[in-house]
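> what follows is a predicted protein model with its sequence.
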Amino acid sequence: MSEGAESLANIHSYLYLHPSENPATSLVSPVLELNNYHTWSKSMETTLSAKNKLEFIDGSAPEPAIDDRYHSAWRRCNNMVASWIVNPVSLPIRQSIVWMNKAEDIWRDLKSRYAQGDLLRVSELQREASSIKQGDLSVTEYFTKLRIIWDELDNYRPELMCKCLNKCSCDVLPNITQRRIEDQAMQFLRGLNDQYNNVQSHILLMEPLPHITKIFSYVVQQERQLQGKIFASNANTASCTFCGKVGHNENVCFRKHGFPDSKENKPSFGKGSKTCSHCGRSGHTVDSCYRKHGFPPGFKTQAKNSNSNVNNTMTDEGRRVTAQNEQKGEKQDFHLTAQQYHTDIHYRAIFRVLRYLK
């Protein structure tokens with residue numbers, strides 16, 4: 001294989017083109033408009049660098065002579081890069097660069113037209129970063145808006161790099177970096193809501209100030225604590241739309257879904273929603289209504305082996321009292337008289353003696 005063929009087959013060469021490369025591909029988005037050149041150019045430079053084609057726009061890969069063996073390969077790569085630049089450009093701008101042949105010329109023309117006015121843009125970004133407030137935004141959303149502004153400012157004014165031949169012994173560059181961190185920290189902290197005053201004071205007492213990402217982590221932790229307190233407070237002050245009581249919501253309302261059974265520790269769902277069609281009271285139906293069918297002797301203290309005569313006597317008496325109350329239009333609870341109570345006790349004593357004699 002010849003030396004030229006070996007160079008073109010080398011994947012590390014800027015003249016190498018992968019078979020899958022397509023000139024119709026749009027490498028970045030959104031497309032270039034009149035006011036987004038810097039973000040667009042940054043994305044395009046990153047993509048071309050990843051494809052090892054940055055040399056075709058920075059001038060480090062000049063066009064070889066026509067009779068050079070690499071000329072055809074260079075022209076093929078140049079046309080590919082030119083297509084990649086033209087595709088993600090809005091139509092009005094594209095019409096002004098479509099007839100240019102070299103990718104380097106297209107790149108320089110766009111830069112000369114749309115990269116001007118950096119000082120005005122820097123001033124606008126600095127004013128926007130100083131005036132932005134959190135408001136109704138979450139801490140993450142607020143920090144993201146600031147971070148976008150800071151990244152664009154860094155693109156206009158990148159950090160200074162020491163170019164001394166010997167190792168620099170002064171602390172000028174670290175101090176400049178620390179001042180940038182302090183500026184970002186103050187812009188971020190001053191725009192927070194008043195509920196973060198405690199964490200602001202804690203951060204400002206640190207010497208030196210931590211990196212902005214660490215400060216963001218502190219504030220996010222404070223936000224989570226505040227959200228937990230608000231959630232607990234809302235749970236305590238919640239009002240049920242079914243019963244109107246405070247301290248719970250409709251999903252766990254016992255009056256709607258039934259009260260829990262104290263004996264079996266199980267909820268008796270549906271009990272609280274029953275209504276008797278005879279007496280109008282809740283908690284039972286007409287099939288088990290005492291006011292219609294009679295009250296049991298002793299109510300809940302009735303023995304399991306009570307005599308049927310006692311039941312009949314108490315039931316008849318209960319029916320008579322119920323009928324009298326219904327005629328009067330009364331809906332008061334039924335109570336045993338003293339005579340009925342002593343009669344019931346007397347019969348129970350006799351039944352115990354009879355069971356003992358058997």
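Everything's here; your move.

> so residue 276 makes contact with residue 293?
No - using C-beta atoms under 8 Å, residue 276 is not in contact with residue 293; the gap is 11.2 Å. Where you see a C-beta, it was placed from the backbone N, CA and C, and this is true even at glycine.

> more neighbours: the two, which one.
The neighbour comparison of residue 276 against residue 293 (other C-beta atoms under 10 Å) goes to residue 276, with 18 against 15.

> how near is that one to residue 289?
Distance, residue 276 to residue 289, by C-beta to C-beta, to the nearest Å: 5 Å.

> domain ranges for this protein?
Following automatic domain parsing, the chain resolves into domains at 3-114, 118-158+173-220, 297-357.

> the second one: end-to-end distance?
Taking C-alpha to C-alpha, to the nearest Å, the span from the opening residue of domain 118-158+173-220 to its closing residue is 34 Å.

> residue 350 sits in which helix or strand?
Per DSSP states H and E: residue 350 is located in helix 338-357.

> mind checking the pLDDT average for that helix?
Averaging pLDDT along helix 338-357 yields 66.

> next one: stretch 180-196
Across stretch 180-196, pLDDT averages out at 92.

> and for stretch 91-101?
Mean per-residue pLDDT for stretch 91-101: 92.

> same deal with stretch 118-132?
Rounded mean pLDDT across stretch 118-132 is 86.

> report the buried residues of it.
Neighbour-count burial for stretch 118-132 flags 121, 125, 129, 132 (criterion: 16 or more other C-beta atoms under 10 Å).

> same check on stretch 22-41?
Residues of stretch 22-41 classed as buried by neighbour count (16+ other C-beta under 10 Å): 27, 28, 32, 37, 38, 39, 40, 41.

> can you name the two of the residues you listed that sit furthest apart?
For the buried residues of stretch 22-41, the maximum inter-member distance is 16.7 Å, found between 27 and 38 (C-beta to C-beta).

> please pull out the lowest mean pLDDT helix or strand from the chain.
strand 266-267 (a mean of 46; mean pLDDT, DSSP states H and E).

> and the next element down the chain from it?
By DSSP H and E, the next helix or strand past strand 266-267 is helix 290-293.

> against which helices or strands is that following helix packed?
On a contact count with 3 or more C-beta pairs under 8 Å, 6 or more residues apart in numbering; DSSP states H and E, helix 290-293 meets helix 308-328.

> now the helix it packs on: average pLDDT?
Averaged across helix 308-328, the pLDDT comes to 48.

> and for stretch 25-35?
Mean predicted confidence for stretch 25-35 is 88.

> list the buried ones in stretch 13-24?
Within stretch 13-24, judged by 16+ other C-beta under 10 Å, the buried ones are 14, 15, 16, 17.

> what's in contact with it?
Residues outside stretch 13-24 that contact it (C-beta atoms under 8 Å, 6 or more residues apart in numbering) are 7-11, 51-56, 61, 70, 73-74, 76-77, 79-80, 83-84, 87.

> quick one on the thing from earlier: tabulate the domains of the chain (CSV), appending distance to residue 226.
Listed next are these as CSV, based on distance: least, C-beta to C-beta, whole Å:
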stretch, distance to residue 226
domain 3-114, 34
domain 118-158+173-220, 6
domain 297-357, 51
